[in-house]
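Student: prediction below, plus the sequence it came from.
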Amino acid sequence: MAILMDGKILAAEKMAALKTRVDALKEKGAGVGLAVILVGDDPASQVYVRNKGKACEELGILSETLRMPRETTQDELEAAIDRYNRDERVSGILVQLPLPRHLDEKRALARILPQKDVDGFHIANAGKLFTGQEGVVACTPKGILYMLKACGVPLSGREAVVIGRSNIVGKPIAMLLLNENCTVTICHSRTADLAAHTRRADILIAAVGKPRFVTADMVKPGAAVVDVGINRVDGKVVGDVDFENVEKVAGYISPVPGGVGKMTICMLMENTVEAAERKGQ
Ligand code: NDP
């Protein structure tokens, strides 16, 4: 039976450590705060934004959510971003994705000051990750790496296979694992014989967005399997991994819910705290 990579336990430990850092910042009078801009009324986004607010509250971080109507224009959105760029109370800015289709996501993300881009999606931060420079790392990949390390999963020299090549999960986690000296393969919807790749993986990251996509026969015995997926099936949240059967083969496995999602919020908090610490230096 696989060892559970328990996001709830890891996140609780991390949040306690972050609380100490927040208290130290506040003692110095440094502004530590997260501004979230939410455009429209996407139900999943509402839940994510609420959870981010709760995490800020737990740490005593200032949290401000700007709710803008669906018909917000690009200029109005960018003006709101500019206001938070100038706001000394705010160390981190996050534009909740997806934006309504008439808005240009790339332009909006590029408008955030890179040092306040706590999602790590600004092209300057993505570029830094890809060129081995220090910058803000996107929360989900950062959380995955944190989880693997905290659970003692060996990385250097191991085969890592990432299913998914999105800018927010697949590509950045592949880069982080490469930086840890893994030998990395990125798979996607056009990959021929996906299972032949996944069966080689000592570390398998599933970021596909398809419920229970990774089955036990695709997993190498003893592998560390990280499930990034959040899929709603019959009102229940399930991951991209067939947990029940894969846990019998894997060496380590992360659950959904209670796995990567918890780490993602935690890393958002860390990025917000780090942004405030950098400003104070
Ligand atoms: P995207 O839809 O952007 O990417 C999905 C990737 O999966 C694509 O690269 C796609 O390939 C690949 N894919 C789709 N079908 C197959 C297939 N049959 N075989 C191999 N690869 C396939 O999703 P995201 O990266 O944004 O998110 C992935 C999942 O993670 C979602 O369930 C999302 O909800 C969840 N998520 C969870 C987070 C958390 O905090 N836990 C944070 C962010 C996302 P191609 O590029 O060829 O289309």
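Tutor: On my side now, so go ahead. Keep in mind the model is a prediction, meaning the values are calculated, not measured.
Student: show me what contacts the residue nearest to residue 175 when sequence neighbours are not counted?
Tutor: For residue 175, ignoring the flanking residues on the chain, the nearest one in space by C-beta to C-beta, 6 or more residues apart in numbering is residue 129 at 5.4 Å. Glycine gets a C-beta too; all of them are placed from N, C-alpha and C. Contact partners of residue 129, counting by C-beta atoms under 8 Å, 6 or more residues apart in numbering, are 120, 135, 137-138, 172, 175-176.
Student: so residue 109 makes contact with residue 120?
Tutor: No. Between residue 109 and residue 120 there is no contact under C-beta atoms under 8 Å: 10.1 Å.
Student: backbone dihedrals for residue 11, please?
Tutor: The phi/psi pair for residue 11 (degrees, to the nearest 10) reads phi -70, psi -40.
Student: burial count for it?
Tutor: 25 (other C-beta atoms under 10 Å).
Student: what's the burial count for the residue lying closest to residue 253 once chain neighbours are set aside?
Tutor: Spatial nearest neighbour of residue 253, excluding adjacent residues (C-beta to C-beta, 6+ apart): residue 2 at 4.2 Å. Residue 2 has 19 neighbours, counted by other C-beta under 10 Å.
Student: quick check: residue 2 vs the ligand, distance?
Tutor: Residue 2 is 19 Å from the ligand, where distance means C-beta to the nearest ligand atom, to the nearest Å.
Student: same check on residue 200?
Tutor: According to C-beta to the nearest ligand atom, residue 200 and the ligand sit 15 Å apart.
Student: which residue, other than its chain neighbours, is closest to that residue?
Tutor: Nearest residue to residue 200 in three dimensions, chain neighbours excluded: residue 159, at 5.2 Å (C-beta to C-beta, 6+ apart).
Student: what bridges to the one you found?
Tutor: Beta-bridge pairing of residue 159 under DSSP bridges involves residue 183.
Student: that one touches residue 177, doesn't it?
Tutor: No. Counting by C-beta under 8 Å, residue 159 does not reach residue 177; the two are 10.0 Å apart.
Student: overlap in contacts, these two.
Tutor: By C-beta under 8 Å, 6+ apart, residue 159 and residue 177 have these common neighbours: residue 203.
Student: the two: who's more crowded?
Tutor: Set residue 159 next to residue 177 and count neighbours by other C-beta under 10 Å: residue 177 wins out with 24 against 16.
Student: are any of the contacts of residue 129 buried, and which?
Tutor: 120, 135, 137-138, 172, 175-176 (16 or more other C-beta atoms under 10 Å).
Student: what parts of the stretch 1-150 of the chain come near the ligand?
Tutor: Proximity of the stretch 1-150 of the chain to the ligand (C-beta under 6 Å from any ligand atom) is limited to residues residue 140.
Student: what ranges does the stretch 1-150 of the chain have for its strands?
Tutor: 3-4, 33-39, 62-68, 92-95 (DSSP state E, counting those that start in this stretch).
Student: show me the one of the ones you listed that comes nearest residue 155.
Tutor: strand 3-4 (15.7 Å; C-beta to C-beta).
Student: for the helix or strand containing residue 195, name the packing helices and strands.
Tutor: Element membership for residue 195, per DSSP states H and E: helix 194-198. Counting contacts by 3 or more C-beta pairs under 8 Å, 6 or more residues apart in numbering; DSSP states H and E, helix 194-198 is packed against strand 159-163, strand 183-187.
Student: winner for burial among these?
Tutor: Highest mean neighbour count of the helices and strands packed on helix 194-198: strand 159-163, a mean of 25 (counted as mean count of other C-beta atoms under 10 Å).
Student: quick revisit: wait, the residue nearest to residue 253 sits on residue 247?
Tutor: Yes. If you go by C-beta under 8 Å, residue 2 and residue 247 touch, sitting 4.5 Å apart.
Student: can you list residues touching both of these two?
Tutor: With C-beta under 8 Å, 6+ apart, residue 2 and residue 247 have common neighbours residue 253.
Student: so which residues of the stretch 151-281 of the chain form strands?
Tutor: 159-163, 183-187, 203-206, 224-227, 231-233, 236-238, 252-253.
Student: need the helices and strands packed on helix 194-198 in CSV with distance to residue 103 and mean pLDDT, can you?
Tutor: Shown next, in CSV, are those (distance: least, C-beta to C-beta, whole Å; pLDDT from 0 to 100):
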stretch, distance to residue 103, mean pLDDT
strand 159-163, 29, 99
strand 183-187, 29, 98
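Student: and those as CSV, adding distance to residue 193?
Tutor: Output for those, formatted as CSV (distance: least, C-beta to C-beta, whole Å):
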stretch, distance to residue 193
strand 159-163, 12
strand 183-187, 10
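Student: this completes my enquiry, with thanks.
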